[in-house]
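Starting from these lines, generate the structure:
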Amino acid sequence: DAFRYTLAAFAAQGRDVRMDEKRVEGYRFFINKIWNAARFALMHLKPAQGDAQPIAPDKLELADRWILSRLADVIDQVAGALDNYHFNVAASTLYQFIWHELCDWYLEMIKPVLYGDAGADRQDATRQVLARVLRDTLVLLHPFAPFVSEEIWHMLPGTQGSIMRATFPSRHADYGTTVSRDTAVEEKMALVTGAISGVRNVRGEMNIAPSQPLDVSVHSADGATRQVLADQAALIVILARCGRWQVVDGGEKPHATAAAVVSDATLYVSLAGVVDFDKEIARLEKALGKLDKEQLGLAKKLQNPNYVEKAPAEVVAATRERFQEGQAKQAKLTANLGRIRE
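Next up is the predicted model:
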């Protein structure tokens, strides 16, 4: 399956595929992720979940409505790509949806619900959405990863026979929850995921332990933005590991904070008592000094005509790539250093 997916993902029309085992290895990780995500989902699905009755959209939370909206869009994109023989587009669309939206975001968002923290009604609704999304995703995935999709299909409640005989997903299927595109819901979720990523980025840039709760003050003059970030506070606090999450309409920048901008909002993450500023400045200066030396060496190589002309082309290309990555890292470290000094 990993090999097959690799060929599909890189097989653009009129293009020769340069085979590389590392690419196959990367898609092996993807197939493993699908398997592990399915195992997690199957732990929480009831035996009759596949035959569940349709759920009214107003009974679903934002995360459930969002993943159904994304599924509707993916169904359309994959169907269109297959109709036009753009197999690489279909494979890439599925990869993006499964890895990032389904696994990285949706499954993480619904874990508290599946464990019963939000009550039985909410748990049942989310289970049914999860069953619908998993079923349709497996059918979309089957042409590219036939073995793992067939294996999971036979473990999924409510399925019969081979996945090869399953109906191709549509927005108006006659089972489970009907899916439809809702761009308003997607915009709200983009705000939520942006806020979570903003806090996580500050945590990573400031070298703060993942277990350390962070107090966040959100400033926004836009009422709709404030409403979304306030309504989804519980979800954001869990995934971003916040201590306090406060949403206000504006004000002065709080002291000793790192800022992250998300749409019409600015997130101020409190660093007081969390970061030792002197130690962090020393750490960043040391890292920058080491990186500067490495960059100087790479620059001398690339400026040497003998190296550029005589070394193998792939070696020169790798050196250029390392130099460009180093430049990006230098800019990031310099920005972090300036932020802490401020």
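
Tell me which helix or strand comes right after whichever strand or helix holds residue 199.
Using DSSP states H and E, residue 199 sits within helix 183-205. Downstream of helix 183-205, the next assigned helix or strand under DSSP H and E is strand 214-220.

which residues are contacting that following strand?
With CB atoms under 8 Å, 6 or more residues apart in numbering as the test, strand 214-220 has contacts from 195, 199, 202-203, 208, 226, 229, 240-251, 254, 257, 264-270, 274. All C-beta spots, glycine's among them, are computed from the backbone N, C-alpha and C.

Show the buried residues in these.
195, 199, 202-203, 208, 226, 229, 240-242, 245, 247, 254, 257, 265-270, 274 (16 or more other CB atoms under 10 Å).

so of the residues you listed, which ones are in helices?
195, 199, 202-203, 226, 229, 240 (DSSP state H).

Same list (the residues you listed) but as TSV, adding distance to residue 185 and pLDDT.
Shown next, in TSV, are those (distance: CB to CB, whole Å; pLDDT from 0 to 100):
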residue	distance to residue 185	pLDDT
195	16	96
199	22	95
202	27	90
203	27	91
226	18	95
229	15	96
240	20	95
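
Against residue 247, how distant is residue 225?
9 Å (CB to CB, to the nearest Å).

wait, what's in contact with the residue nearest to residue 1 when sequence neighbours are not counted?
Nearest residue to residue 1 in three dimensions, chain neighbours excluded: residue 145, at 4.1 Å (CB to CB, 6 or more residues apart in numbering). Residues near residue 145 by CB under 8 Å, 6+ apart: 1, 4-5, 31, 34.

Can you pick out the most distant pair from those?
4 and 34 (13.2 Å; CB to CB).

Which one's more surrounded, these two?
residue 34 (24 against 17; other CB atoms under 10 Å).

elements contacting the strand or helix carrying the more buried one?
Assigned by DSSP H and E, residue 34 belongs to helix 21-44. Applying 3 or more CB pairs under 8 Å, 6 or more residues apart in numbering; DSSP states H and E, one finds that helix 21-44 contacts helix 2-10, helix 107-114, helix 120-141, helix 146-153.

winner for burial among these?
helix 120-141 (a mean of 21; mean count of other CB atoms under 10 Å).

any idea of the mean pLDDT in that one?
Averaged across helix 120-141, pLDDT comes to 92.

do the same with stretch 274-292
88.

Now do the buried residues in it.
Here stretch 274-292 shows 274-275, 280, 283-284, 288, 291 as buried, counting by 16+ other CB under 10 Å.

Which members of the residues you listed are positioned in helices?
Filtering the buried residues of stretch 274-292 for helices - DSSP H - leaves 280, 283-284, 288, 291.

contacting residues for residue 195?
218, 229, 236, 240, 262, 265, 267.

what sits up against the helix holding residue 34?
Contacts of helix 21-44 (CB under 8 Å, 6+ apart): 1-3, 5-6, 9-10, 95, 98-99, 102-103, 107, 114, 127, 130-131, 134, 138, 141, 145, 148, 152, 155-156.

relative to helix 120-141, how tilted is it?
Put simply, helix 21-44 runs at 150 degrees to helix 120-141, going by axes from the mean of the first three to the mean of the last three CA atoms, to 10 degrees.

And the ones in helices among the buried ones among the contacts of strand 214-220, which two are furthest apart?
203 and 226 (23.1 Å).

what about residue 272, how many residues close to it?
11.

Hmm, residue 256 and it touching each other?
Yes - counting by CB atoms under 8 Å, residue 256 is a contact partner of residue 272 at 4.2 Å.

list the buried ones in the longest helix seen in the chain?
Longest helix in the chain by number of residues (criterion: DSSP H): helix 313-341. Buried positions in helix 313-341, judged by neighbour count with 16+ other CB under 10 Å: 316, 319, 323, 326, 330, 333, 336-337, 339-340.

Let me know the average pLDDT across it.
Mean predicted confidence for helix 313-341 is 88.

How about residue 213: what's its closest non-neighbour residue?
residue 243 is the one closest to residue 213 (CB to CB, 6+ apart), at 3.6 Å.

What distance do you get for that neighbour to residue 252?
21 Å.

what does residue 112 give?
In terms of CB to CB, residue 112 sits 35 Å off from residue 252.

Kindly state the pLDDT recorded for the residue lying farthest from the centre of the chain?
Here the chain reaches farthest from its C-alpha mean at residue 306, the gap being 43.4 Å by CA atoms, centre = their mean. The score at residue 306 is 89. That number is its pLDDT.

May I have the residues that are in contact with it?
Residue 306 neighbours (CB under 8 Å, 6+ apart): none.

Assign it to helix, strand or coil.
helix (DSSP: H, G, I helix; E, B strand; the rest coil).

Now for residue 158, how many residues are close by?
By the measure other CB under 10 Å, the count of residues near residue 158 is 16.

And what about it, helix, strand or coil?
coil.

Surely it and residue 132 touch.
No - in this structure, residue 158 is not within contact of residue 132 by CB under 8 Å, at 10.2 Å.

Thought residue 327 was touching residue 292, still the case?
No - counting by CB under 8 Å, residue 292 does not reach residue 327; the two are 11.1 Å apart.

Run a quick neighbour tally on the residue nearest to residue 244 when sequence neighbours are not counted.
Closest residue to residue 244 apart from its sequence neighbours, by CB to CB, 6+ apart: residue 215 at 4.2 Å. Residues lying near residue 215 (other CB under 10 Å) number 18.
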